[in-house]
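> using only what follows, build the 3D model:
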Amino acid sequence: MNVERAKAIITIIVTAIVNIANVYGYAVDAEAWINVALSILSAICIAWSWWKNQNITYAAQQGQLVVDQIKNEQRALRARR
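Next comes the predicted model:
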């Protein structure tokens, strides 16, 4: 899912919720809620990207050591050629 599609889906969902709230007599500004929802989505994406690119757990750190060792061995083999 790309960014534009995520924004469109959130805009549609928030607009639908705001319209339902307006039917029941609640005066709600859709634009403000869309901004809030997109800000929350942005924060979640930033947190997920950070988490995905970091070796937080012990298992991830050990896995990174294995990956580094394999890459170093491959570099050494290429250097010998």
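
> and residue 25, which of the three is it?
What DSSP: H, G, I helix; E, B strand; the rest coil gives for residue 25 is coil.

> could you report the pLDDT at it?
In this prediction, residue 25 carries a pLDDT score of 87.

> relative to residue 14, how far out is it?
18 Å (C-beta to C-beta, to the nearest Å). Any C-beta I mention is one placed from the backbone N, CA and C, and that applies to glycine too.

> could you do residue 57 as well?
Here the criterion is C-beta to C-beta. By it, residue 57 lies 35 Å from residue 14.

> more neighbours: residue 25 and residue 14, which one.
Neighbour count, other C-beta atoms under 10 Å: between residue 25 and residue 14, residue 14 has more, with 20 against 6.

> distance of that one relative to residue 38?
9 Å.

> how about residue 46?
Distance from residue 46 to residue 38, by C-beta to C-beta: 13 Å.

> so between the two, which is more surrounded?
residue 38 (15 against 10).

> for that one, report the pLDDT, please.
pLDDT, read off for residue 38, is 88.

> contacting residues around it?
Residue 38 sits next to 7, 10 when contact means C-beta atoms under 8 Å, 6 or more residues apart in numbering.

> residue 16: which element?
Using DSSP states H and E, residue 16 falls within helix 3-23.

> of all the residues in the helix or strand just after that helix, which ones are buried?
Remark: after helix 3-23, the chain's next helix or strand is helix 30-52, criterion DSSP H and E. Using 16 or more other C-beta atoms under 10 Å as the test for burial, helix 30-52 gives 30, 33, 34, 37.

> what distance do you get for the nearest residue to residue 22 once chain neighbours are set aside to residue 59?
Once flanking residues are discounted, residue 22 sits nearest to residue 28: 6.4 Å by C-beta to C-beta, 6 or more residues apart in numbering. Residue 28 sits at a distance of 45 Å from residue 59 (criterion: C-beta to C-beta).
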